[in-house]
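3D, please:
(one chain, ligands or ions: 1)
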Amino acid sequence: MSKEENTQHHEIVIVGGGAAGISVAASLLSRDASLKLTIVEPSDKHYYQAAFTLVGADAFDPLKTVRDERRCIPAGVNWVQGTVEQLHPEENALTLSPVDADGPVKLSYDYLVVCPGLSLKWDAIDGLEATIGKNGVCSNYQREYALYTRECLNSVTSGKLVFTQPPMPIKCAGAPQKIMYLTGNALERKGMLDQFDLAFHTATPALFGVADFVPSLMTYIDRYRVDLNLTSNLVAIDGASQKATFRQGDKDLIQDFEVIHVVPPQAAPAFIANSPCADDSGWLDVDHFTLQSNTHDNVFGLGDVISAPNAKTAAAVRKQVPVVCENLLARMHGREFSAGYDGYGACPLTVEHGKVVLAEFGYGGKLLPSFPVDNTRPSKMAWVLKRHMMPYIYWDLMLKGREWLAGAQPLEQARQ
Ligand SMILES: Cc1cc2nc3c(=O)[nH]c(=O)nc-3n(C[C@H](O)[C@H](O)[C@H](O)COP(=O)(O)OP(=O)(O)OC[C@H]3O[C@@H](n4cnc5c(N)ncnc54)[C@H](O)[C@@H]3O)c2cc1C
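The predicted structure is shown next:
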């Protein structure tokens, strides 16, 4: 069969059925149930990644972080189980590899929503792929390795605990240090903190990207006696001998560890970076306020893949969804865009069991607290929100198209 004969046409195709893809499908249907939607997603599992930190810290049931993808896809949405290999936006088409068929299939579309998340580059750190998941080398960035984080931190009795953060951008920029605070706090509560040396190595020049939150975080760095190393980038790891190499300027520092929590460098998926829709850094090039592609006007994007300089979080997705829905429908019906995204993202920094610094901010680091409180300080309420309410908000509101506290704001207001 030729490629042309194999092409199937769809009204709206959504690439990726993660946090953004499922939410945008549900929210589109809640606006117009007659829309014909297709989601392309290879995985038969859907993960609630925001709880992986708590899984690693033994504070959340891992079974509650995963559901069958089939159960998450809204009724009436067509699911093509496959991996998108190439975008052909000039032909309004894409090529994908279905999981259950030989050879590629071509889909054409009227409108495209792009949200395949980002790629974790385990191979960008020398030796990491060979040792992750053993030798005390763990990571909350993938579910099975978060389970190993839990195992390592529950069984270690003394020694050096090292936590790393790669260069930006990464998803949930607070996650590399959240697990460190929870570990320090667990050891403190068990009276074992004196038996350990904690170290944080981040490739960034500051502990956190928005300066307002740094003083609160520094009190915990001091309290857990963390050796803080800025501009220190993990470049190699030798699991068998439990040694990690950090590049600091033009010098290399070799550090022993008992347990090391590694966050891999992150990048746009290759099929996006290699497409005509990418910006110079490989991310999906979108207007930061309307979320329409800057290169193809029937294409929209949201989630971790986009070029906008917001915090890459599910919280950001929650606010982006109504904007994409409103503007996509406006584009379909020939109306002006009215909805805008102000760069909102949220990073709940779990500084101790029972307290969170809920860093909520938009473009340029503008503080955007959802509640009228000083969100630069740790709070018990924010822990309740993160630990107990967010899973419900994720699974039962966001993924079902219920936009609680997330309505789109006017475009002009978002631009201010
Ligand atoms: C450890 C950790 C802690 C976090 N903590 C928080 C937090 O506290 N708060 C918060 O708000 N966010 C948090 N996040 C971030 C949050 O999970 C992401 O920002 C969010 O999932 C992004 O949604 P997305 O749909 O863009 O990507 P994803 O949810 O990752 O979904 C992308 C989907 O696209 C699919 N896909 C990939 N490639 C292709 C392809 N070629 N073709 C078709 N489909 C494809 C994938 O299989 C996946 O299902 C955390 C993440 C991690 C890892």
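
pretty sure residue 225 sits against residue 193.
Yes: counting by CB atoms under 8 Å, residue 193 is a contact partner of residue 225 at 7.2 Å. Glycine gets a C-beta too; all of them are placed from N, C-alpha and C.

higher neighbour count, those two?
Taking other CB atoms under 10 Å, residue 225 and residue 193 do not tie; residue 193 has more neighbours (18 against 13).

what residues does the nearest residue to residue 344 once chain neighbours are set aside make contact with?
Leaving aside its sequence neighbours, residue 344 sits nearest to residue 319 (CB to CB, 6 or more residues apart in numbering; 4.5 Å). Counting by CB atoms under 8 Å, 6 or more residues apart in numbering, residue 319 makes contact with 341, 342, 344, 406.

where does the protein have low pLDDT?
Applying pLDDT under 70 to the chain picks out residues 1-6.

I'd like to know how far the residue of it found nearest the ligand sits from residue 416.
In the chain, no residue comes nearer to the ligand than residue 18, which is 1.7 Å away by CB to the nearest ligand atom. Distance from residue 18 to residue 416, counting by CB to CB, to the nearest Å: 30 Å.

would you map the helices across this structure?
Using DSSP state H, the helices of the chain run over 19-31, 52-56, 69-72, 128-131, 143-155, 175-189, 214-223, 270-273, 314-332, 380-384, 390-392, 411-415.

tell me which of those is the most buried.
With neighbours taken as mean count of other CB atoms under 10 Å, the helices of the chain reach their highest mean count in helix 52-56, at a mean of 26.

and it with the ligand, contact?
Yes: for helix 52-56 and the ligand, the contact criterion (CB under 6 Å from any ligand atom) is met by 52, 53.

can you check stretch 273-283 too?
No: legend: contact between stretch 273-283 and the ligand by CB under 6 Å from any ligand atom is lacking; minimum distance shown is 11.0 Å.

likewise for stretch 383-396?
No: counting by CB under 6 Å from any ligand atom, the ligand is not contacted by stretch 383-396; separation bottoms out at 6.6 Å.

what's the span of that stretch, first residue to last?
The first and final residues of stretch 383-396 sit 19 Å from each other (CA to CA, to the nearest Å).

hmm, who's touching that stretch?
Here stretch 383-396 makes contact (CB under 8 Å, 6+ apart) with 19, 48, 50-51, 54, 59-60, 64, 67, 314, 318, 348, 350, 354-356, 358, 402, 404.

next one: that stretch to chain centre, how far?
Offset of stretch 383-396 from its chain centre (CA atoms, centre = their mean, to the nearest Å): 16 Å.

got it, and stretch 332-352?
14 Å.

may I have stretch 266-277 exported as CSV, CA atoms only?
Taking Å, rounded to 0.1, in the frame of the first residue of the first chain, the C-alpha atoms of stretch 266-277 are listed here in CSV:
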residue,chain,number,x,y,z
GLN,A,266,16.1,17.2,29.5
ALA,A,267,15.4,18.3,26.0
ALA,A,268,12.6,18.5,23.4
PRO,A,269,11.7,15.2,21.8
ALA,A,270,13.8,14.6,18.7
PHE,A,271,10.8,14.6,16.3
ILE,A,272,9.9,18.1,17.5
ALA,A,273,13.4,19.4,17.4
ASN,A,274,13.8,18.1,13.9
SER,A,275,10.5,19.6,12.7
PRO,A,276,9.8,22.9,11.0
CYS,A,277,7.8,23.8,14.2
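
show me what it is in contact with.
Residues from elsewhere that reach stretch 266-277 (CB under 8 Å, 6+ apart): 84-87, 89-90, 114, 116-121, 166, 169-171, 278, 281-285, 293, 295-296, 299, 301, 305.
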